[in-house]
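Participant: Coordinates for the following, if possible.
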Amino acid sequence: MQNTLSQSVTFAGHGLHHGRPAKVVLRPAPAGHGIVFRRTDVIAVDALVPARWDLVIQEPLNTRIENQSGVSVATVEHLMAALAGCGIHNALIEIDGPEVPILDGSSAQFVRGLIGAGIKSQNAPLRAIKVLKPVEVSHGAAKASLLPAPSLQIDFSIEFADAAIGRQSKMLSMANGTFVRELSSSRTFCRRADVDAMHAAGLALGGSYDNAVVVEGDTVLTPGGLRYSDEAVRHKMLDALGDLYTAGAPILGRYVGVRAGHALTNKLLRALFADPKAWAYVDCDLATAASLPGAGLHASDLAVVA
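Facilitator: Numbering: from 1, shown residues only. All right, here's what the predicted structure looks like:
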């Protein structure tokens with residue numbers, strides 16, 4: 001069964017990269033609608049921007065989608081991860097600016113809002129994308145792959161020179177509310193030197209200690225420190241789930257990322273869909289549906305969300 005929201009829910013804040021305030025309203029949508037953004041501040045051209053892999057503009061710092069009229073929405077990955085992790089397949093997302101608010105740098109507030117609004121089952125079958133054979137892409141030392149598996153699993157490894165991050169690896173099955181409990185409150189992270197360089201270049205204008213984990217060497221500069229000792233790799237897994245959801249349906253397969261980022265995950269989806277023998281749509285039976293990220297989600301899972 002497909003799912004949508006029971007009622008509308010609103011979020012507001014400023015964007016990480018543009019630094020502009022924005023209001024986002026998620027509204028219920030009919031079965032088969034998918035996840036579609038609408039820029040309410042755009043009136044002269046097509047304002048609808050489907051959250052789809054082939055509309056992603058590959059950038060290193062965020063996931064930006066752009067329609068044929070050049071209308072775009074940036075930093076969609078944390079909201080997309082929340083939608084995937086809560087099992088919401090259809091939603092119209094109205095936004096009055098070019099970038100989704102960063103909030104606290106994680107998906108936690110989105111998750112709380114979505115579950116608070118309620119999730120409504122729709123009388124329509126749900127299709128998933130089944131990975132049939134391995135697909136891999138790389139860029140320098142970074143690589144990402146999708147492998148056959150009965151449900152979505154994410155396996156991620158990172159390595160940074162800063163001792164506060166260092167080497168981290170984690171693998172999780174995304175079934176039965178795992179995303180909400182284990183990943184949704186992990187925040188975006190960066191090095192102090194990167195922040196200074198981005199600000200000097202006019203980037204990350206909305207970035208602050210309130211919406212990112214900032215490290216310098218072996219020190220975590222963000223007040224309050226880490227939410228998890230491995231928060232950095234958890235956030236990379238969060239990003240991966242959000243980026244994978246631009247496939248347009250839940251994925252049944254194992255994602256393996258090694259130093260991968262937004263652009264490489266999108267490159268992986270493009271490679272997957274370019275090979276008709278690498279994937280297939282399958283109708284979700286009860287057993288398959290029970291293994292999807294939003295299945296089995298309970299209100300008690302919110303207790304561990306920051």
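Participant: Closest to the centroid, which residue in this structure?
Facilitator: Nearest to the mean C-alpha position of the chain, counting by Cα atoms, centre = their mean, stands residue 242 at 1.9 Å.
Participant: What does it show for phi and psi?
Facilitator: Here is the backbone geometry of residue 242 (degrees, to the nearest 10): phi -60, psi -40.
Participant: Report the backbone C-alpha coordinates of stretch 232-240 in PDB.
Facilitator: Provided in PDB are the C-alpha atoms of stretch 232-240 (Å, rounded to 0.1, in the frame of the first residue of the first chain):
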ATOM      1  CA  ALA A 232      29.500  11.700  11.100                       C
ATOM      2  CA  VAL A 233      29.000   8.300   9.400                       C
ATOM      3  CA  ARG A 234      25.400   8.100  10.600                       C
ATOM      4  CA  HIS A 235      24.800  11.400   8.900                       C
ATOM      5  CA  LYS A 236      26.400  10.200   5.700                       C
ATOM      6  CA  MET A 237      24.000   7.200   5.800                       C
ATOM      7  CA  LEU A 238      21.100   9.700   6.300                       C
ATOM      8  CA  ASP A 239      22.200  11.600   3.300                       C
ATOM      9  CA  ALA A 240      22.400   8.400   1.200                       C
END
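Participant: Spell out the secondary structure type for the closest residue to residue 85 other than its chain neighbours.
Facilitator: Of all residues not flanking residue 85 in the chain, residue 179 sits nearest, at 3.3 Å (Cβ to Cβ, 6 or more residues apart in numbering). For glycine as for every other residue, the C-beta is placed from the backbone atoms N, C-alpha and C. Each residue gets one of three states, and residue 179 gets helix by DSSP: H, G, I helix; E, B strand; the rest coil.
Participant: what number of residues lie near residue 43?
Facilitator: 7 (other Cβ atoms under 10 Å).
Participant: Then residue 161?
Facilitator: Quick note: residue 161 (other Cβ under 10 Å) scores 8 neighbours.
Participant: Look up how far residue 126 lies from it.
Facilitator: Counting by Cβ to Cβ, to the nearest Å, the separation of residue 161 from residue 126 is 43 Å.
Participant: cool, residue 256 as well?
Facilitator: For residue 256 relative to residue 126 (Cβ to Cβ), the value is 25 Å.
Participant: With residue 248 instead?
Facilitator: Distance, residue 248 to residue 126, using Cβ to Cβ: 12 Å.
Participant: Tell me how far the residue nearest to the centre of the chain lies from residue 227.
Facilitator: Applying Cβ to Cβ to residue 242 and residue 227 gives a distance of 18 Å.
Participant: ok, which stretches of the stretch 101-250 of the chain are helices?
Facilitator: 108-117, 178, 192-200, 231-244 (DSSP state H, counting those that start in this stretch).
Participant: The ones you listed: which one's closest to residue 53?
Facilitator: Among these, the nearest to residue 53 by Cβ to Cβ is helix 231-244 (8.5 Å).
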